[in-house]
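Asks: Got a predicted structure plus its sequence, pasted below:
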Amino acid sequence: MKSRKIALYPGTFDPITNGHFDIIERAKNLFDEVIVAVAESKDKNPMFTLEQRIKMVEIAVKDIKDVRVTGFNNLTIDLAHEHDARVLIRGLRAVSDFEYELQLGYLNNSLDENIETVYLMPKLKHAFISSSIVRNLLKFNGKTDHLLPKEVQQVIGSLR
């Protein structure tokens, strides 16, 4: 029996954006299962709680078969081992992301040489979107409905 190809897509997702969603859809086209791993990331002082971020991701991906969501507060490599994931998914929007993501990929590979990192680019129309841009707009009641999945926009609206 052929083993399933499981990919882990870790991030803070504070909140999940259309760019993240695009990466999830693209990853699902490449792998049998995608696990979206929402990091607690207390050091980043997220706008939304871990539970709220998990809920937003779950709502956003509810219609994509074989996509699961989990929260975590440990090393990404350890989480990958827990879920038998051999691939880490990372998104690249611009050249400015590349150096940091490359270092992370090398670090993870140094911890387990059997784990591969796959870098995916969102569609061009989503390339400028980041969670930090969305958070800044939310602070000032700016328009974000074109940057977030519709269901996530509704959740955020209900939290405000």
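Replies: Received it, and whenever you're ready, just let me know what you need.
Asks: For the protein, which segments count as strands?
Replies: Ranges of strands in the chain, per DSSP state E, are 6-11, 33-39, 67-72, 87-91, 116-120.
Asks: can you redo these as JSON lines with mean neighbour count, distance to residue 126 and mean pLDDT?
Replies: Any C-beta I mention is one placed from the backbone N, CA and C, and that applies to glycine too. Shown next, in JSON lines, are the strands of the chain (neighbours: other CB atoms under 10 Å; distance: least, CB to CB, whole Å; pLDDT from 0 to 100):
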{"stretch": "strand 6-11", "mean neighbour count": "23", "distance to residue 126": "15", "mean pLDDT": "98"}
{"stretch": "strand 33-39", "mean neighbour count": "24", "distance to residue 126": "16", "mean pLDDT": "98"}
{"stretch": "strand 67-72", "mean neighbour count": "18", "distance to residue 126": "18", "mean pLDDT": "98"}
{"stretch": "strand 87-91", "mean neighbour count": "22", "distance to residue 126": "9", "mean pLDDT": "97"}
{"stretch": "strand 116-120", "mean neighbour count": "16", "distance to residue 126": "11", "mean pLDDT": "96"}
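Asks: Ok, which of the ones you listed comes nearest residue 127?
Replies: Counting by CB to CB, residue 127 lies closest to strand 87-91 out of the strands of the chain; the figure is 9.8 Å.
Asks: Tell me how many other residues surround the closest residue to residue 135 other than its chain neighbours.
Replies: Leaving out its chain neighbours, the residue that sits closest to residue 135 by CB to CB, 6 or more residues apart in numbering is residue 47, at 5.0 Å. Residue 47 is flanked by 19 other residues according to other CB atoms under 10 Å.
Asks: So for residue 47, what's the pLDDT?
Replies: With respect to pLDDT, residue 47 scores 96.
Asks: okay if I get the strands of the chain as JSON lines plus distance to residue 80?
Replies: JSON lines is the format used below for these (distance: least, CB to CB, whole Å):
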{"stretch": "strand 6-11", "distance to residue 80": "5"}
{"stretch": "strand 33-39", "distance to residue 80": "9"}
{"stretch": "strand 67-72", "distance to residue 80": "10"}
{"stretch": "strand 87-91", "distance to residue 80": "6"}
{"stretch": "strand 116-120", "distance to residue 80": "10"}
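Asks: Thank you, goodbye.
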